[in-house]
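1. compute the structure for the input listed below.
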Amino acid sequence: MTSATDPRPRPADDPEDGAGAAAAVRLIATDLDGTLLRDDKSVSERTVAALAAAEAAGIEVFFVTGRPARWMGVVSAHVHGHGLAICANGAAVVDLHAGGELIEVRPLERADALATVAALRAAAPDTSFAVELTTGIHYEPDYPPFQFDPAASIGTAEELLHAQTPGLGAPVIKLLAHHPTMAPDDFLDLARTAVGTYGSVTRSSPTALLEISGPGVSKASTLARCCAERGILPEEVVAFGDMPNDIEMLAWAGRSYAMGNAHPAVLAVASGRTAPNEEDGVAAIIEQLLAERQQ
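-> Have a look, this model is predicted:
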């Protein structure tokens with residue numbers, strides 16, 4: 001298997017990227033933004049065909065994303081078989097066949113969320129917050145506004161996390177923290193030190209926007225649970241991703257591919273790499289996997 005840091009130019013269908021193990025593949029786990037989706041958030045015809053072909057060949061496909069369930073419409077028509085997706089960086093498992101119904105929630109406890117807010121306010125005073133609940137998102141006045149959620153309520157994070165606030169008592173699935181001036185990776189490093197054991201801190205945005213889930217909650221940990229329920233081993237999983245919130249999943253899967261547009265830390269951990277999302281890198285590897293099964 002060729003290293004993800006191998007400097008040689010390599011096309012997406014290079015047979016050195018794990019050839020020979022495809023017969024064992026039972027599940028494909030793929031991130032969405034920057035990975036499966038084009039930059040305009042569309043799913044290309046080639047990718048749609050590749051996903052359908054994988055399912056027809058008996059390979060399950062899981063979308064594993066930082067997106068909340070309500071933002072899954074872009075791919076809901078392309079889910080086959082089980083219909084499940086892992087959302088909010090592992091905090092929720094949803095049934096896309098049932099309109100995004102929550103099957104499992106792994107919440108961030110409000111005490112831990114409040115402790116996280118206090119720690120980040122002390123470590124990076126200009127940080128602003130948003131609170132993602134199972135029912136929608138709410139944010140502070142200084143937080144960059146969400147164009148997809150115009151009805152979200154606004155208040156301090158402490159107010160939004162108060163369980164008795166009308167309409168805000170739903171489980172917290174993610175806390176978001178934005179800093180207006182820090183470099184994204186510097187903010188991530190600082191936050192992981194400041195937050196400690198209160199939550200799992202990661203990022204998927206190109207800006208200094210962090211996502212904090214409950215302790216131990218990640219794409220990898222929830223995917224592992226879903227696979228265990230199906231008797232699927234890590235070595236039978238192929239995973240795709242592009243940003244730091246994908247790193248644990250790529251390290252867990254038996255075969256993993258960083259997109260050509262991936263963050264350097266993702267390139268370092270993946271066992272292979274593929275073409276950028278704009279060039280259908282996920283579809284290229286799925287096509288290769290299916291071709292290997294025919295040999």
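
2. what values do phi and psi take at the residue minimising distance to the centre of the chain?
-> Centroid-nearest residue in the chain, with C-alpha atoms, centre = their mean: T65, separated by 3.0 Å. The phi/psi pair for T65 (degrees, to the nearest 10) reads phi -140, psi 160.

3. ok, it touching G34?
-> No - taking contacts as C-beta atoms under 8 Å, T65 lies outside contact range of G34: 10.4 Å. (Each C-beta comes from the backbone N, C-alpha and C, glycine too.)

4. looking only at pLDDT, what's the mean for stretch 170-190?
-> What stretch 170-190 shows for mean pLDDT is 97.

5. ugh, typo on my part, it should be stretch 242-262
-> The pLDDT scores in stretch 242-262 average 98.

6. so what's the residue count around A111?
-> Here the number of neighbours of A111 (other C-beta atoms under 10 Å) works out to 10.

7. I meant P141, not that one.
-> Around P141 there are 9 residues (other C-beta under 10 Å).

8. list the contacts of the closest residue to P184 other than its chain neighbours.
-> With sequence-adjacent residues excluded and distances taken as C-beta to C-beta, 6 or more residues apart in numbering, P184 is closest to A208, at 4.8 Å. If you count contacts by C-beta atoms under 8 Å, 6 or more residues apart in numbering, A208 has them with H178, H179, P180, T181, M182, A183, P184, D186, F187.

9. any chance of these in CSV, plus distance to V48?
-> Shown next, in CSV, are those (distance: C-beta to C-beta, whole Å):
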residue, distance to V48
H178, 34
H179, 37
P180, 38
T181, 40
M182, 38
A183, 36
P184, 31
D186, 38
F187, 36
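
10. among those, which one sits closest to G260?
-> Of all these, P184 has the smallest distance to G260: 19.6 Å, by C-beta to C-beta.

11. so how far is V195 from the closest one?
-> Separation of P184 from V195 (C-beta to C-beta, to the nearest Å): 16 Å.

12. looking at these two, which one has more neighbours?
-> The residue with more neighbours, out of P184 and V195, is V195; 23 against 18, by other C-beta under 10 Å.

13. got a list of contacts for the helix or strand of the chain with the lowest mean pLDDT?
-> The helix or strand of the chain with the poorest confidence is helix 73-76; it has a mean of 83 (mean pLDDT, DSSP states H and E). Helix 73-76 has contacts (C-beta under 8 Å, 6+ apart) with L32, L36, L37, K41, S42, V43, F63, A85, L96, G100.

14. rewinding a little: drop anything exposed from the contacts of A208.
-> Buried members of the contacts of A208, counted by 16 or more other C-beta atoms under 10 Å: H178, H179, M182, P184, F187.

15. nothing else from me, thank you.
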